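Would you be able to build a 3D model of this:
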Amino acid sequence: MRKLCPNFDREDGLETILEVPIPEEMFTSMGSNLALRCQNMLTWMKAQTADKWSSPIIVGRFNELSFLLYIVGSPLIPLQVRVDNSVHRPIRDSSIEASTAKYIVQQYIAATGGQPALSSVNSMCAIGEVKISASEFYQSDLRVKVGTTEEMGGFVLWQKNPDLWWLELVVSGCKVISGSNGKLSWRQCSNQQSDISKGAPRPLRRFLQGLDPRSIANLFIDAVCIGEKIINNEDCFILKLETSRGVREAQSGPKFEIIHHTIWGYFSQRSGLLMQFEDSRLLRTNTEKDDGVFWETSSESVIQDYKYVDGVNIAHSGKTQVRVFRYGSGSASHKRELAETWKIDEVNFNVWGLSNDFFLPPLDCIRNNL
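Numbering: from 1, shown residues only. Model prediction:
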């Protein structure tokens with residue numbers, strides 16, 4: 001990952017630290033020599049300024065990238081995760097399916113380093129790279145080309161607990177900042193105002209892709225075991241979580257309703273580790289012209305490359321496939337498939353000086369929430 005940028009104002013000046021590191025492959029593709037790459041990087045950075053958004057070409061490209069980054073790069077999970085250091089629930093009066101799930105979660109805790117190691121983590125900073133691509137857009141039986149190729153970028157992720165986190169994700173010149181301060185979750189794109197997520201603050205989906213074992217354990221401790229499945233030649237237990245009606249209503253709005261949101265985790269019977277994470281959401285938008293349009297989003301993350309960092313076993317790479325369907329009364333059906341390949345380059349635990357003020361939302365979020 002490239003973390004430094006040359007000083008464009010003074011040749012003898014110190015190099016500038018990039019807010020979000022970018023993959024070396026991305027920097028190399030910016031030109032045939034160092035001077036040209038640096039100049040193109042400067043142009044790329046300036047393209048994010050507000051005066052460039054009046055260009056229809058730039059706005060169109062940013063809107064396409066924003067869609068990719070919102071759907072694939074920075075989605076939230078529907079359930080709030082407890083901040084408990086000790087992951088334990090009594091199995092008395094639990095069903096066989098719920099008791100089995102609690103046993104599987106305890107095996108997962110042992111496989112990721114054990115309860116003392118997980119409890120010793122108070123904060124985290126992760127740096128990684130992503131490659132995001134999208135299929136052509138399908139409207140009914142017609143294929144509509146949107147001109148999207150594979151996009152590269154990088155991200156920095158900070159976390160103090162499941163409700164205190166901050167993500168900066170930059171892909172091909174488009175930047176998304178997303179975060180939670182423990183009271184509300186929000187995100188902001190380069191050319192758009194901040195968007196506040198309805199309902200209680202909840203974790204970024206990226207944490208549940210093998211990066212935060214304690215949150216994964218706290219999430220699935222209330223699941224039920226519904227069967228077995230082979231994932232990448234590994235026999236896995238399937239744990240399932242359903243969002244309650246109250247949670248769905250809290251996250252719905254006046255113009256849309258969440259019909260269901262379900263989560264599945266696939267845990268290896270051999271190693272105890274999380275091998276795959278899935279979730280599916282069905283949302284209905286209400287319009288004046290028809291009875292409602294349905295949006296179904298299904299995400300499937302294959303989790304790989306587990307390595308120990310300070311005694312905690314976390315995943316360092318994986319791939320996420322997302323399928324988006326749109327259908328409904330009086331509306332043409334739409335379908336699109338998206339994919340993200342991600343890799344963690346650096347992880348640090350217990351970051352000194354990381355205060356709660358670091359996770360404050362943008363000013364317009366605070367004003368809109370008053």
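
now whichever strand in the chain runs longest, how far from the centre of its chain.
Using DSSP state E to define each element, the chain has its longest strand at strand 331-349. Relative to its chain's centre, strand 331-349 lies at 8 Å (Cα atoms, centre = their mean, to the nearest Å).

Can you show me the CA trace of it as PDB?
Taking C-alpha atoms only, strand 331-349 is exported to PDB below (Å, rounded to 0.1, in the frame of the first residue of the first chain):
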ATOM      1  CA  SER A 331     -42.300  -1.600 -12.600                       C
ATOM      2  CA  ALA A 332     -39.900  -3.300 -14.900                       C
ATOM      3  CA  SER A 333     -37.700  -5.800 -13.100                       C
ATOM      4  CA  HIS A 334     -34.100  -4.900 -12.700                       C
ATOM      5  CA  LYS A 335     -31.100  -7.100 -11.800                       C
ATOM      6  CA  ARG A 336     -27.500  -6.400 -11.100                       C
ATOM      7  CA  GLU A 337     -24.600  -8.400  -9.600                       C
ATOM      8  CA  LEU A 338     -21.600  -6.700  -7.800                       C
ATOM      9  CA  ALA A 339     -18.400  -8.100  -6.400                       C
ATOM     10  CA  GLU A 340     -15.700  -7.000  -4.000                       C
ATOM     11  CA  THR A 341     -12.300  -8.700  -3.400                       C
ATOM     12  CA  TRP A 342     -10.700  -7.400  -0.300                       C
ATOM     13  CA  LYS A 343      -7.400  -7.800   1.500                       C
ATOM     14  CA  ILE A 344      -6.200  -6.600   4.900                       C
ATOM     15  CA  ASP A 345      -2.600  -5.300   4.800                       C
ATOM     16  CA  GLU A 346      -2.200  -4.000   8.300                       C
ATOM     17  CA  VAL A 347      -4.000  -4.400  11.700                       C
ATOM     18  CA  ASN A 348      -3.100  -2.800  15.000                       C
ATOM     19  CA  PHE A 349      -4.900  -3.300  18.300                       C
END
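
Only the buried residues of it, if you could.
331, 334-344, 347, 349 (16 or more other Cβ atoms under 10 Å). Any C-beta I mention is one placed from the backbone N, CA and C, and that applies to glycine too.

so which of those comes closest to Gln188?
Glu340 (19.8 Å; Cβ to Cβ).

so where do the helices sit in the stretch 151-300 of the chain?
213-220, 245-251 (DSSP state H, counting those that start in this stretch).

For the first one, output the C-alpha coordinates as PDB.
Looking back up the chat, that one is helix 213-220. The C-alpha coordinates for helix 213-220 follow below in PDB (Å, rounded to 0.1, in the frame of the first residue of the first chain):
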ATOM      1  CA  PRO A 213     -14.200 -12.000  16.400                       C
ATOM      2  CA  ARG A 214     -15.700 -10.600  19.600                       C
ATOM      3  CA  SER A 215     -18.500  -8.800  17.600                       C
ATOM      4  CA  ILE A 216     -19.100 -12.000  15.500                       C
ATOM      5  CA  ALA A 217     -19.400 -14.100  18.700                       C
ATOM      6  CA  ASN A 218     -21.700 -11.600  20.400                       C
ATOM      7  CA  LEU A 219     -23.900 -11.400  17.300                       C
ATOM      8  CA  PHE A 220     -24.300 -15.200  16.700                       C
END
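
Residues contacting that helix, please?
Contacts with helix 213-220, where a contact means Cβ atoms under 8 Å, 6 or more residues apart in numbering, come from 77, 79, 81-85, 87, 101, 104-105, 108-109, 112-113, 118-119, 121, 162, 203, 207-208, 210, 239, 241, 263, 265, 274, 312-314.

now it: how far from the chain's centre is it?
16 Å.

Tyr316 against Lys343, yeah?
No Tyr there; residue 316 is His. Yes - counting by Cβ atoms under 8 Å, His316 does reach Lys343; the two are 6.7 Å apart.

quick one: common contacting residues for the two?
Both His316 and Lys343 are contacted by Asp305, under the criterion Cβ under 8 Å, 6+ apart.

Which members of the contacts of helix 213-220 are positioned in strands?
Leu239, Leu241, Ile263, Gly265, Leu274, Val312, Asn313, Ile314.

Compare the residues you listed and tell me which is most surrounded.
Among these, Leu239 has the most neighbours (other Cβ atoms under 10 Å), with 28 neighbours.

Can you check which helix is longest in the chain?
Taking DSSP state H as the criterion, the chain has its longest helix at helix 96-111.

how far away is Thr112 from Gln106?
11 Å (Cβ to Cβ, to the nearest Å).

Which one of these two is surrounded by more residues?
Neighbour count, other Cβ under 10 Å: between Thr112 and Gln106, Thr112 has more, with 26 against 17.

Burial-wise, tell me which of the helices of the stretch 151-300 of the chain comes out on top.
Comparing the helices of the stretch 151-300 of the chain by mean neighbour count (mean count of other Cβ atoms under 10 Å), helix 213-220 ranks first with a mean of 25.

how about low-confidence regions in this protein?
Residues of the chain that meet the criterion pLDDT under 70 lie in 8-9, 41-63, 83-93, 136-149, 190-194, 287-291, 329-332, 365-370.

roughly how far apart are Gln115 and Phe277?
21 Å.

Mind checking which of those two has more residues around it?
Under the criterion of other Cβ under 10 Å, the comparison of Gln115 against Phe277 puts Phe277 first, with 25 against 17.

is it true that that one touches Lys240?
No - using Cβ under 8 Å, Phe277 is not in contact with Lys240; the gap is 12.0 Å.

residues bridging contact with these two, i.e. touching both?
What both Phe277 and Lys240 touch, as defined by Cβ under 8 Å, 6+ apart, is the set Ile263, Trp264.
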